[in-house]
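1. okay, structure incoming, though there's no sequence with it:
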């Protein structure tokens, strides 16, 4: 039998040292107060009034969207984004579909839903007011 080969140590690999972390300078000074903008002689006109509260997002009359049967049979889910005006009575008007995913049957069902729904109207100075361009997102999900 042959004797085992002599032990030869592995070569040493030279590795550069890791880089030093960047220095972070911390200031203990209090930031200066921003200088106020120069006042104008002609002030800007006031913007549109902001209502005290915005129209509700959940119908007060417990109306639920109807899942389109053809979409339910095909196991299709959808999402519809609508923009409506909410009248002082809480009814919607001037509704339009902004986006729809899943199919046009969802858009028809969502439009029918918001037309049947009655919401809490927006309030300004304690009085109901018409709110323009209220966004509603209706999701159609299958419960598995």
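-> Received the coordinates, thanks. Everything numeric in this text was worked out from a predicted model, so none of it was measured.

2. for this protein, which segments count as helices?
-> Assigned by DSSP state H, the chain shows helices spanning 69-73, 104-116.

3. would you mark the buried spots in the last one?
-> This points to helix 104-116. Residues 105-107, 109-111, 113-114 are the ones in helix 104-116 that count as buried (16 or more other C-beta atoms under 10 Å). Glycine gets a C-beta too; all of them are placed from N, C-alpha and C.

4. ok, these vs residue 93, which is closest?
-> residue 114 (9.9 Å; C-beta to C-beta).

5. on that earlier part again, what would the helices of the chain look like in CSV with mean pLDDT?
-> CSV is the format used below for the helices of the chain (pLDDT from 0 to 100):
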stretch, mean pLDDT
helix 69-73, 87
helix 104-116, 92
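
6. quick one, which of the ones you listed gets closest to residue 19.
-> Nearest to residue 19, of the helices of the chain and by C-beta to C-beta, is helix 104-116 at 55.4 Å.

7. which helices and strands sit right next to that closest one?
-> Judged by 3 or more C-beta pairs under 8 Å, 6 or more residues apart in numbering; DSSP states H and E, helix 104-116 is in contact with helix 69-73, strand 78-86, strand 92-101, strand 131-140.
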